[in-house]
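Colleague: what shape does this take:
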Amino acid sequence: MSRIGRKPVLIPKGVSVEKNDGIITIKGPKGELSAAIPSSIGVDVKEREVIFSRSADDKFQKALHGTWRALVNNMMKGVSEGFQKKLEIVGVGYKAEMKGKKMQLALGYSHPILFAPPDGIKLTVPQPTNIVISGINKQLVGQVAAKIRSFRQPEPYKGKGIKYEGEYIRRKAGKAAAVAGAKVA
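Modeller: Predicted structure coming up:
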């Protein structure tokens, strides 16, 4: 069996789990998430835990077994605690600010960038150089963070751009001085 797939998912207090026609619905204090589980993956909802099983032992089924257990575990955590990613903006004049529900980014381009978050995502800007993305869907939070980071990825010489909090940017040396003994024309 899959090492991850055989572990039961514990249901936190205040969270309810329902399974109907291959669709698992999880409701909690932060919201509701649902997903269609493949027919080859068995889901057994007990009193305080959810147990997963698979119909076959081929490599693909083993991968699905662990994947769906992890996805449902993330759904449980999302509806009870939520997820968040933090971004840092580095660079002179680079900043972010909220304009209603949209976020305006000044990233050294000739124009500001307006970004409207998708439904279920909350953007906050505690400081002009920090962005916090939060929501209950882990995949959507990560996707939005990656999209915002793609507007100006960190460059390797000065490190200017948008990076994840705590991300290490490998630096390059830049132009080296003229090599000793080389002829300068």
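Colleague: helices or strands next to the longest helix seen in the chain in the packing?
Modeller: Identified as the longest helix of the chain according to DSSP state H is helix 59-80. Counting contacts by 3 or more Cβ pairs under 8 Å, 6 or more residues apart in numbering; DSSP states H and E, helix 59-80 packs against strand 9-10, strand 23-28, strand 31-36, strand 41-45, strand 49-54, helix 138-150. Just so you know, the C-beta spots here come from the backbone N, C-alpha and C atoms, and that holds for glycine as well.
Colleague: residues near the residue lying closest to Phe52 once chain neighbours are set aside, how many?
Modeller: In this structure, Phe52 finds its nearest non-sequential neighbour in Arg69, 4.8 Å apart by Cβ to Cβ, 6 or more residues apart in numbering. Burial of Arg69 is recorded as 22 neighbouring residues (other Cβ atoms under 10 Å).
Colleague: any idea how far Arg69 is from Glu18?
Modeller: Going from Arg69 to Glu18 by Cβ to Cβ, to the nearest Å gives 18 Å.
Colleague: re earlier: make TSV from the helices and strands packed on helix 59-80 and add distance to Phe115 and mean neighbour count to it.
Modeller: Below are the helices and strands packed on helix 59-80 laid out as TSV (distance: least, Cβ to Cβ, whole Å; neighbours: other Cβ atoms under 10 Å):
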stretch	distance to Phe115	mean neighbour count
strand 9-10	34	17
strand 23-28	28	18
strand 31-36	22	14
strand 41-45	36	15
strand 49-54	36	18
helix 138-150	6	17
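Colleague: turn those into TSV, including mean pLDDT and distance to Val125.
Modeller: TSV is the format used below for these (pLDDT from 0 to 100; distance: least, Cβ to Cβ, whole Å):
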stretch	mean pLDDT	distance to Val125
strand 9-10	93	34
strand 23-28	95	27
strand 31-36	95	23
strand 41-45	92	40
strand 49-54	92	37
helix 138-150	97	11
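Colleague: can you list these in JSON lines and add distance to Pro128?
Modeller: Listed next are those as JSON lines, based on distance: least, Cβ to Cβ, whole Å:
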{"stretch": "strand 9-10", "distance to Pro128": "40"}
{"stretch": "strand 23-28", "distance to Pro128": "33"}
{"stretch": "strand 31-36", "distance to Pro128": "29"}
{"stretch": "strand 41-45", "distance to Pro128": "46"}
{"stretch": "strand 49-54", "distance to Pro128": "43"}
{"stretch": "helix 138-150", "distance to Pro128": "14"}
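Colleague: related to what we said a few turns ago, quick check, the residue nearest to Phe52 in contact with Ile51.
Modeller: No - under the criterion of Cβ atoms under 8 Å, Arg69 is not in contact with Ile51, lying 9.1 Å apart.
Colleague: find the residues that touch each one of these two.
Modeller: In terms of Cβ atoms under 8 Å, 6 or more residues apart in numbering, Arg69 and Ile51 are both contacted by the residues Val9.
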